[in-house]
Structure formats: C-alpha cells, structure tokens
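**Student:** here are the coordinates; sequence isn't available:
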Ligand code: HEM
C-alpha cells in the first residue's frame, strides 16, 4: 500500500514536473533563475579553447547532431544504459563526435552556481554560439528554455544524420524536412570553417568516387595530392585534416576553398558543384557579412527544433535524473519503458 501511494505520488510529481508540450523558447530565459548562466558557459568554453583550440569546434558540432534527432533536447549526451542504446555510438557519431568532457565541465560549473536550473539542451545551444564567437565569428542572441529528453535513440540518429558522401540534392531534401532552406543548408555547412575531419570520411572520394575507381573530379589537383599524402589508400582512417585553410578561425575561407575545389568533404564540395547551392557558396565567398548573418539565422532556426516530448532539467548531462545514483532505487518500476 505504502509503495503504491509512493508510486502514485511520484507519477503526480512527474506530471507536474515534466512538461509534455514544446517549451516556449525566449532570450534571457535564465535572467531570474541563473543570471550568470551565459557568462559561465563562455568562460568554460574559453578555457577549453586555450587548452585545445579544436575542442570548441567539436562542441559546436554537437548542436547539429542533437537538434536533428528528435529536437534540441540533449538526447545526444545520454550515455548508453542496459536498456537504451544512445546516440553517441550512432554511425555519424562513433569515433567522431568528441569533447563531451568540455560539456561536463560547463555543466558542473552551471550546477555549482545554479543547481538544477539550466538544461543540457540549452547548454549546447549557448556553447555552440560561444564557439563561433570565440573563433572570430558572429554573435547572436540565443533563445533558451529547452527541456532535456528522458531517452535517446541510436536508430533515429542512424536514420537521420547525413553521411560525408551525401550530395547536394540529398542534403537539400534532408534540411527541408527540418524547415531549413537551401540558404540555411549552405550557411550552416559553413560551420566547417572550423575543425577537422578524419581520413575515414574522405578516402572514398580520393580513390573511388561513386564506385568509379577514380578520385572525385571536383577536387583541385594540387589539393588532391596533399590529401593523398595525408590519407593514403589503406592508411590510418583516424588521421585528421583541416576542414578549411583556416581551421581555428570562423570566417568565409571555407567558401573560398569550395570555389577553388578545395573542400575537404564530399558533402562540402558538392555545394559548389550543384547549381542551386553554388550561388550561395559564391555569395558567401565574396561577402563574409552575408555569411555571418545567414549562419546566425540558420543556427537560431535549427535551435528551434523541438519534439514536444516530455522532458526535465538533467543534473548530469549523461544520465536522466531518475537513474542518477541514489534516485533509481526509489523510482524504478518493473514495467517502466526507456
Ligand atoms: C550539411 C550536412 C553535414 C554533413 C554531411 C557533415 C559531416 C561532417 C563530417 C563527416 C565531419 C568530420 C567527421 C569526421 O571525419 O570524424 C564534420 C565535422 C564537423 N561538422 Fe559537420 N556536417 C554537416 C553539417 C554540419 C552542421 C550544420 C554543423 C554545425 C552547425 C556542423 C559542424 C561541424 C564541425 C564544427 C565539425 C568539426 C568538428 C571537430 O573538429 O571535431 N556540420 N561534419
């Protein structure tokens, strides 16, 4: 009887605590509850950049891989459990996404200042903006108020996240399913202005593009020679190369590189090969301000993606609250779904 009452009480608490509808996002969401939130995120990101410049690019990428899979809900950050295969080991993420420890560090600092207030989903959105600003890119005001998911789906990530082999038509179609335009696709791909990619992601285009046994003809010959040296056939797939010629600076060099056949990924170079996306590539290569503005708009639109599923504010970005040590014993039930 006591257990039944406790369980009913818990269900009531959950229904009050876990908002099931899409949250209304707005700037300054934490101005009352955690006014230091944005400066805390920025400070930790700055320290991470000083320690390892690439790490902030790696953190910025997390927003994309989180938001496309059932909305911006930090589902990406959940570690696997015996009952749930999370997204970290999904095809596009395994051995590729990195710097989760920076996210942990940001979360720890936020929890110290304002326990239980700032969601991991909002953390990712703030950190992505800060990564861009700290690398010399544009500032934009982020909308906040997201909830963290109660679960994650490796299968959904596998189905949704695009491969580096993708061509422009595929990417246009994919992005349109998320209410993102052709301009958004090209501008957001400009995130590859910072960071690195692995040989694993480009060997097919160096040696066997579309099963031809030949390299991608869109690669400029001197650049191809450089990539061949970096990524010899049968070599170590984990060796990394720069995604553009200025991989620590957020600028429009990425688009200049595409115009010159010096895109790293197939999914990058295809944006110049294909007429519909090419006009934006050319425009952004000639006008950095236009790129910055379109990029900020795209990030805000991507940040608006929500699943409308129930959520919570996680204390630890890697685990849902009820599975944190000490909490699980009380609330675990045998027919509970992950
Ligand atoms: C348009 C479709 C996209 C595809 C196919 C794609 C694919 C990739 C691939 C294959 C890598 C290298 C991974 C590796 O080799 O391990 C990469 C890196 C990266 N991506 Fe994307 N990406 C896309 C869009 C985006 C978007 C929208 C963002 C963020 C807004 C983003 C941010 C990044 C960053 C910052 C890196 C470098 C990360 C690091 O250095 O650790 N990408 N992407």
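**Tutor:** Good, I have the coordinates. All of these numbers come straight from a predicted model, not from anything done at the bench.

**Student:** spatially nearest residue to residue 47, not counting backbone neighbours?
**Tutor:** Leaving aside its sequence neighbours, residue 47 sits nearest to residue 105 (CB to CB, 6 or more residues apart in numbering; 8.0 Å). Any C-beta I mention is one placed from the backbone N, CA and C, and that applies to glycine too.

**Student:** now do residue 145
**Tutor:** Per CB to CB, 6+ apart, closest to residue 145 is residue 29, 4.2 Å.

**Student:** excluding its backbone neighbours, what's nearest the residue in the chain that the ligand sits nearest to?
**Tutor:** Residue of the chain nearest the ligand, by CB to the nearest ligand atom: residue 195 (2.5 Å). Nearest residue to residue 195, sequence neighbours excluded (CB to CB, 6+ apart): residue 57, at 3.2 Å.

**Student:** pLDDT score for the one you found?
**Tutor:** With respect to pLDDT, residue 57 scores 98.

**Student:** next: residue 84.
**Tutor:** 97.

**Student:** how many neighbours does it have?
**Tutor:** Counted with other CB atoms under 10 Å, the neighbours of residue 84 add up to 17.

**Student:** quick one: name whatever helix or strand follows the host helix or strand of the residue nearest to residue 195.
**Tutor:** With elements taken from DSSP states H and E, the one containing residue 57 is helix 54-67. Next helix or strand after helix 54-67 toward the C-terminus (DSSP H and E): helix 100-113.

**Student:** how far off helix 54-67 does that next one point, in degrees?
**Tutor:** Interaxial angle of helix 100-113 relative to helix 54-67 (axes from the mean of the first three to the mean of the last three CA atoms, to 10 degrees): 80 degrees.

**Student:** which other helices and strands contact whatever helix or strand comes next after helix 100-113?
**Tutor:** Using DSSP H and E, the helix or strand that follows helix 100-113 towards the C-terminus is helix 120-134. The contact analysis (3 or more CB pairs under 8 Å, 6 or more residues apart in numbering; DSSP states H and E) places helix 120-134 against helix 37-51, helix 54-67, helix 100-113, helix 288-303.

**Student:** returning to that earlier point: so the residue of the chain closest to the ligand sits against residue 64, correct?
**Tutor:** No. Residue 195 is beyond contact range of residue 64, at 11.6 Å (criterion: CB atoms under 8 Å).

**Student:** and those two? which has more neighbours close in?
**Tutor:** Using other CB under 10 Å, the more surrounded residue of residue 195 and residue 64 is residue 195, with 26 against 20.

**Student:** quick one on the thing from earlier: and the residue nearest to residue 145, how far is that from residue 241?
**Tutor:** From residue 29 across to residue 241, the span is 39 Å (CB to CB, to the nearest Å).

**Student:** the more surrounded of the two?
**Tutor:** residue 29 (21 against 16).

**Student:** check contacts around the more buried one.
**Tutor:** By CB atoms under 8 Å, 6 or more residues apart in numbering, residue 29 lies in contact with 122, 143, 144, 145.

**Student:** is the third one in contact with residue 125, as I believe?
**Tutor:** Yes. At 7.1 Å, residue 144 counts as touching residue 125 under the criterion of CB under 8 Å.

**Student:** tell me who's in contact with the residue nearest to residue 47.
**Tutor:** Contacts of residue 105 (CB under 8 Å, 6+ apart): 44, 47, 48.

**Student:** what about the residue nearest to residue 145, helix or strand, and which?
**Tutor:** Assessed by DSSP H and E, residue 29 sits outside every helix and strand.

**Student:** which one among the contacts of residue 105 gets closest to residue 165?
**Tutor:** If you rank these by distance to residue 165 using CB to CB, residue 48 comes first, at 30.5 Å.

**Student:** ok, which stretches of the stretch 101-250 of the chain are helices?
**Tutor:** For the stretch 101-250 of the chain, the helices defined by DSSP state H, counting those that start in this stretch cover 120-134, 154-160, 168-176, 182-189, 203-207, 221-230.

**Student:** got those helices as a markdown table, with mean neighbour count, distance to residue 310 and mean pLDDT columns?
**Tutor:** Output for these, formatted as a markdown table (neighbours: other CB atoms under 10 Å; distance: least, CB to CB, whole Å; pLDDT from 0 to 100):
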| stretch | mean neighbour count | distance to residue 310 | mean pLDDT |
| --- | --- | --- | --- |
| helix 120-134 | 26 | 13 | 99 |
| helix 154-160 | 16 | 17 | 98 |
| helix 168-176 | 17 | 27 | 98 |
| helix 182-189 | 23 | 28 | 99 |
| helix 203-207 | 19 | 41 | 98 |
| helix 221-230 | 14 | 46 | 98 |
